[in-house]
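Enquirer: sharing a model that was predicted from the sequence below.
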Amino acid sequence: MVQSKYTERTVQFLPRTDMIKLYGHELSGNSYKVKLMLSLLALDYEWIKVDLMAGEHKQPEFLALNPFGQVPLLVHDDIILADAQAILVYLARRYGGDKWLPMEAEPLSRVIRWLSTTAGEIRQGPESARLYYRFNVTSINLERANQTAEFILTQLNTHLSNKEWLELGHPTLADIAVFPYVALAPDGQIALDNYPHILAWCDRLQHLPGFVSMIGIPQPVTV
């Protein structure tokens, strides 16, 4: 299995480097999706942990790089990019070509639709439920999150009932963007047992060359 290489150290805010640097947290699904993309592209990078629990993302040094105070953050030479979906687009276009992010208008729009869904219904549903239970964010309207999760998981399961990948017949940026918080739904006490097509899709993705795991998303068992 081909995997990218990364080194790890505690956070130091050095924005300019010849190497890709990824600032993130190991429990962040958005940090993970960038890690996954880097690994699938077999790119070397340096992982720099931002201790969210200690509030490092709200310190002046980090806010100078990302005023939103969020992870992930990617630094590559003089380029500083925040937002997981934006970082995925950058990596796919710079290193992955049309395979991951097509240039043609119609297939491109199909992929981008799922990036929007990731920032919309998936964030408002499975991701919010996970925040409620995993991180005790009790300000979240759990009933609404569960309703939204049921809606989008039902739609996703139906969409995958006659296809292996979200769009274009092969893995694209759409799959990488959607996968983490869907696979992490059980962290929000949302079972995936009633969504067999989603489970099959997750399994296919977990068997891609270069797949990497995170807490809550294990490496697949190989026989």
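Expert: Ah, there it is. Please read these numbers as outputs of a predicted model, since none were measured by experiment. Numbering: from 1, shown residues only.
Enquirer: what sits closest to R123 if chain neighbours are left out?
Expert: In this structure, R123 finds its nearest non-sequential neighbour in Y181, 7.4 Å apart by Cβ to Cβ, 6 or more residues apart in numbering. Heads up, the C-betas are built off the backbone N, CA and C, glycines and all.
Enquirer: and the most centrally placed residue in the chain, its phi and psi?
Expert: With distances taken as Cα atoms, centre = their mean, K33 lies nearest the centre of the chain, 2.6 Å away. When quoted as degrees, to the nearest 10, the phi and psi of K33 stand at phi -60, psi -30.
Enquirer: contacts only, for the closest residue to it other than its chain neighbours.
Expert: Spatial nearest neighbour of K33, excluding adjacent residues (Cβ to Cβ, 6+ apart): P180 at 4.8 Å. Residues near P180 by Cβ atoms under 8 Å, 6 or more residues apart in numbering: 29-30, 32-33, 36, 214, 217.
Enquirer: now swap in H197 and tell me
Expert: 156-158, 160-161.
Enquirer: repeat that for Y132.
Expert: So Y132 contacts 138, 140, 142, 145, 188 (Cβ under 8 Å, 6+ apart).
Enquirer: secondary structure element for E46?
Expert: strand 45-49 (DSSP states H and E).
Enquirer: any idea how far Q206 lies from A54?
Expert: Going from Q206 to A54 by Cβ to Cβ, to the nearest Å gives 31 Å.
Enquirer: the more surrounded of those two?
Expert: Q206 (17 against 10; other Cβ atoms under 10 Å).
Enquirer: give me the helices and strands touching the helix or strand harbouring L74, please.
Expert: Assigned by DSSP H and E, L74 belongs to strand 73-76. Other helices and strands packing on strand 73-76, by 3 or more Cβ pairs under 8 Å, 6 or more residues apart in numbering; DSSP states H and E, are strand 21-24, strand 79-82, helix 84-91.
Enquirer: can you list the neighbours in contact with the last one?
Expert: This means helix 84-91. For helix 84-91, the surrounding residues in contact (Cβ under 8 Å, 6+ apart) are 30-31, 33-34, 37-38, 41, 43, 72, 74, 79, 81, 101, 115, 118-119, 173, 176-177.
Enquirer: show the buried residues in those residues.
Expert: Buried residues within the contacts of helix 84-91, counting neighbours by 16 or more other Cβ atoms under 10 Å: 30-31, 33-34, 37-38, 41, 43, 72, 74, 81, 101, 115, 118-119, 173, 176-177.
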